[in-house]
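Novice: kindly return the folded structure for what I paste below:
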Amino acid sequence: MTSPVLHDHAKNIIERCREMARITDVPGETTRLFLSPATRDVHTLLLRWMREARLEGRVDDAGNVRAVRPATDRSAPRVLLFSHIDTVPNAGAFDGPLGVVLAIEAIAILADEQLPFAIEVIAFGEEEGIRFGFPFFGSMAVTGQVVPETVERRDSQGNSVAEALYEFGLRPQNIARSCALAPETFAALEVHIEQGPVLEAENLSLGIVEAIVGQSRFELTFTGQANHAGTTPMSLRHDALAAAAHWVTEVERYAANYQQLVATVGQLEVSPGAVNVVPGEARATLDVRHPKDESRHAAVANLLTKAELAAAQRGVRVSAKAMSKQAAVPMNRELTMALQQAAARAGHETHAMFSGAGHDAMILAPQVPTTMLFVRSPGGLSHHPEETVRVVDVEAALGTVLQFIHGLQPPGR
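Specialist: The predicted structure is shown next:
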C-alpha cells in the first residue's frame, strides 16, 4: 500500500539524511564523532527542523538533541521516538539519522491531531562509541547510568568526556537533572536501518526486532621484546605481533564454528611500527556478540584463553582489559506485537528478527517498554559511504510509525 503524501515525506526524510551527511569532520567523507565541530552544526540543523515541525528543541547536558510535542493535558503520559546522530569514520548517511529525521517528520504530519499522550524525540550522541571507546553515552545519561568513571574516560587526544562536554558549552555536573527521561514515559520506539542482508534476502521493507544481542568489548595488549629485525634469529624472538596474528586467526576459526556467534578483531596497533624492528607490542580489540548471554560469556572465556596460549608459544605476555559489555536485551512483547500490527494496518509484511548490532534501544529497554523497527539496507550495506535506503522502504516505515502512534493506548486508558 502506497500513499502519494507519505511518498513525498519519505523522499524528504532521505534528502534530509543526505543533507546531514554532508556535515562532517573530515572533508570528502561522512565522519561525525561525538561533540566534534560537525556535531554542533548538526545540532543547529536538527533544532531548525524541529522548529519547522512546531517543536521547541534543546540540547541537554549529555549532548543529546531533544524536543517534546505536548499533549493537551500537560500531565499526560509520553511516548519516546529516538535514534542517534554520531557516526563511525567514513560512514553512510542513514545509520542513526534515519530514525531521528523520520521521527521529526512523523510529528510534523501529526501536527494538527490531538493525541492522548505527548511525544518526545531524542537524537542521541555517542551511540557508536568511537571517540571515547565506549558506546551509548547519550542513552546512558537519559537512563541515569552515567557515573563519575564514565565522564573521566579519555579520547585519543587525552581529552576526557567531561572536558569535551565543557568545551561544547555543556555542564556534565548537571547530567542527572537535565537528561533524565520523563517518568511518565510509557513506550519507546527506535527506527533504524537493518545494517545487514536479512530483509534484502526476504525481499521485505521492514523487520520487527524481538531482541538485541549481548556484546562484550575488550582491548588486549601483547607485550614481547622489540629487537633488530636483521640480527635477531627467528627462534630467539619474542614477537608481539606474531602472537597477536596467531590469536586473530584463532578468533575467526572459533566463531565460524558457532551459529549466531560473531567475534571480531577490528583494531590492531603495532609498536614501534618500524620495518626493521621486531614488534615489541601489539594492541588489539575484541568484539564478541551473541543473542544468549551465557553463550557470549563462554565464547569470551575461550577466546581470552586462546590469547594466552598464543602469547605463551612465543614467550610473550598478554593482558586483557574490558572496555564495555551489554547484556542481551529483549524488546517489550506487547509493544513489539503492536508494532507488527501497525505495519499490517499500513499494508506491509514484516520479518521477526534479532539485531546483531547494539542500539540505544538496548539501554532504554530495561527502563521503559521499548520496541524497534528495522528498515531494509539495500545490499545489506552499513557503516559504509555507499549505505543507502529506498524511498518505498522509508515510506513503509513512516506509515508504520504513524499507525503505531495512532494505535497506542496510554496506561489506564
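
Novice: show residues contacting the longest helix along the chain.
Specialist: In the chain, taking DSSP state H as the definition, the longest helix is helix 293-312. The contact list for helix 293-312 (Cβ atoms under 8 Å, 6 or more residues apart in numbering) reads 213-216, 218, 220, 222, 243-244, 246-247, 250-251, 254-255, 258, 260-261, 263, 286, 288-290, 316-318, 320, 327-328. From N, CA and C alone the C-beta is placed, and that goes for glycine too.

Novice: Lys11: neighbouring residues, count only.
Specialist: Lys11 is flanked by 13 other residues according to other Cβ atoms under 10 Å.

Novice: doesn't it fall inside a strand?
Specialist: No - read with DSSP: H, G, I helix; E, B strand; the rest coil, Lys11 is helix and lies in no strand.

Novice: could you find the closest non-adjacent residue to it?
Specialist: Excluding its sequence neighbours, the residue lying closest to Lys11 (Cβ to Cβ, 6 or more residues apart in numbering) is Val391, at 5.7 Å.

Novice: hey, where'd the helices end up in the stretch 201-350 of the chain?
Specialist: All helices of the stretch 201-350 of the chain, identified by DSSP state H, counting those that start in this stretch, fall at 240-256, 293-312, 333-345.

Novice: ok, now the stretch 51-200 of the chain?
Specialist: So, for the stretch 51-200 of the chain - with DSSP H, counting those that start in this stretch - the helices run 97-109, 137-142, 148-151, 161-167, 175-179, 198-202.

Novice: point out the most buried one among those helices.
Specialist: Among the helices of the stretch 51-200 of the chain, helix 137-142 has the highest mean neighbour count (mean count of other Cβ atoms under 10 Å), at a mean of 28.

Novice: what does that one contact?
Specialist: Contacts to helix 137-142, defined as Cβ under 8 Å, 6+ apart, come from residues 34, 60-64, 82, 84, 122, 124-127, 129, 146, 150, 161, 175, 179-181, 360, 363-364.

Novice: what's the local residue count around Val5?
Specialist: Val5 has 12 neighbouring residues, counting by other Cβ under 10 Å.

Novice: please apply the same query to the one 5 residues further on.
Specialist: When neighbours are counted by other Cβ under 10 Å, Ala10 registers 25.

Novice: before we move on, back to that, just the ones of the contacts of helix 137-142 in strands?
Specialist: 82, 84, 122, 124 (DSSP state E).

Novice: if we can go back for a sec, what pLDDT does the residue nearest to Lys11 get?
Specialist: As predicted, Val391 sits at a pLDDT of 97.

Novice: that one contacts His7, doesn't it?
Specialist: Yes - if you go by Cβ atoms under 8 Å, Val391 and His7 touch, sitting 6.6 Å apart.

Novice: filter the contacts of helix 137-142 to the buried ones?
Specialist: Those of these that meet the buried threshold are 34, 60-64, 82, 84, 122, 124-127, 129, 146, 150, 161, 175, 179, 181, 360, 363-364, by 16 or more other Cβ atoms under 10 Å.

Novice: quick one, the helix or strand containing Phe374 and helix 97-109 angle?
Specialist: Assigned by DSSP states H and E, Phe374 belongs to strand 370-375. Angle, strand 370-375 to helix 97-109, by axes from the mean of the first three to the mean of the last three Cα atoms, to 10 degrees: 100 degrees.

Novice: which element follows strand 370-375 toward the C-terminus?
Specialist: Going down the chain from strand 370-375, the next helix or strand is helix 391-407, by DSSP H and E.

Novice: contacting residues around Leu261?
Specialist: Taking Cβ under 8 Å, 6+ apart as the test, what Leu261 contacts is 255, 288-290, 295-296, 299.

Novice: re the thing from before, what about the residue nearest to Lys11, distance to Leu398?
Specialist: 10 Å (Cβ to Cβ, to the nearest Å).

Novice: alright, I will stop here.
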